[in-house]
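> got a predicted structure plus its sequence, pasted below:
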Amino acid sequence: MNKGRIAVFLSGRGSNFTAIARASRNPDANFSVRLVICDRQDAPGLKKAANFGIPAYHINPRQFPDKTAYEAEICAYLQRENIELICLAGYMRLLGPVLLDKYPGRIMNIHPALLPSFPGLDAQEQALRYGVKISGCTVHFVDAGIDSGPVIAQKAVAVRAGDTQETLSRRILRQEHRLYPWAVRQFFAGRLQIQGRTVIIK
């Protein structure tokens, strides 16, 4: 079976990368993680990629004159591996037009809230401050905005009395690790169709 070719972008610990990489090793997996791109040299996710034997590259944005040049360099890595889908997994940079135009409808992200509620940083803290009773996570396609692309799938997580950002984050993260690989499988099964702001799962 020809497996879909993924690149994972990360900036930190790489827990969602690990979930995707583990899922890719299942006998019935229809995708394979071909490389990891990271903007931080000290990110623990780089070591995790090495443990999986997956090529990982630190590409320092400060070494480029602007975002256009930085993303053009990233695209060169992606094209060499014939990447079909980019998965953002704790990648802390907004994507620019170079990547967005090169991979339209082929970039996913996961966010620890039920979008459109609480986009951006510290979503769990935002949810607790607002006092919501239900939070969760969202896998979505990426557009030029901040966590504003079409929603693929969501999973609700109840907010418990006495929850802290840490306790709520842990429970949401467990659902992220299930939902993200599932969404990737649907993509390569050809089941996701974008119609305006709606993602139809066929």
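Here it is on my side, so go on. Numbers count the residues shown, from 1 in each chain.
> show me where the chain has strands.
Here the chain has its strands, by DSSP state E, at 4-10, 31-38, 56-58, 85-88, 107-111, 134-141, 151-158, 192-195, 198-201.
> can you give me the buried ones in the last one?
Buried residues in strand 198-201, defined by neighbour count with 16 or more other CB atoms under 10 Å: residue 199. Placement of C-beta: from N, CA and C, glycine included.
> tell me the average confidence for that strand?
What strand 198-201 shows for mean pLDDT is 97.
> by contact count, what packs against it?
With contacts defined as 3 or more CB pairs under 8 Å, 6 or more residues apart in numbering; DSSP states H and E, strand 198-201 has these neighbours: strand 151-158, strand 192-195.
> for residue 115, find the nearest of the ones you listed.
The closest of those to residue 115 is strand 151-158. By CB to CB, the value is 6.1 Å.
> got the angle for the closest one vs strand 134-141?
Angle, strand 151-158 to strand 134-141, by axes from the mean of the first three to the mean of the last three CA atoms, to 10 degrees: 160 degrees.
> so what touches strand 151-158?
For strand 151-158, the surrounding residues in contact (CB atoms under 8 Å, 6 or more residues apart in numbering) are 108, 114-115, 133-141, 168, 171-172, 175-176, 178-179, 182-183, 186, 192, 199, 201.
> all helices of the chain, in order?
15-24, 44-52, 67-80, 97-102, 123-130, 165-188 (DSSP state H).
> most tightly surrounded among the ones you listed?
helix 15-24 (a mean of 21; mean count of other CB atoms under 10 Å).
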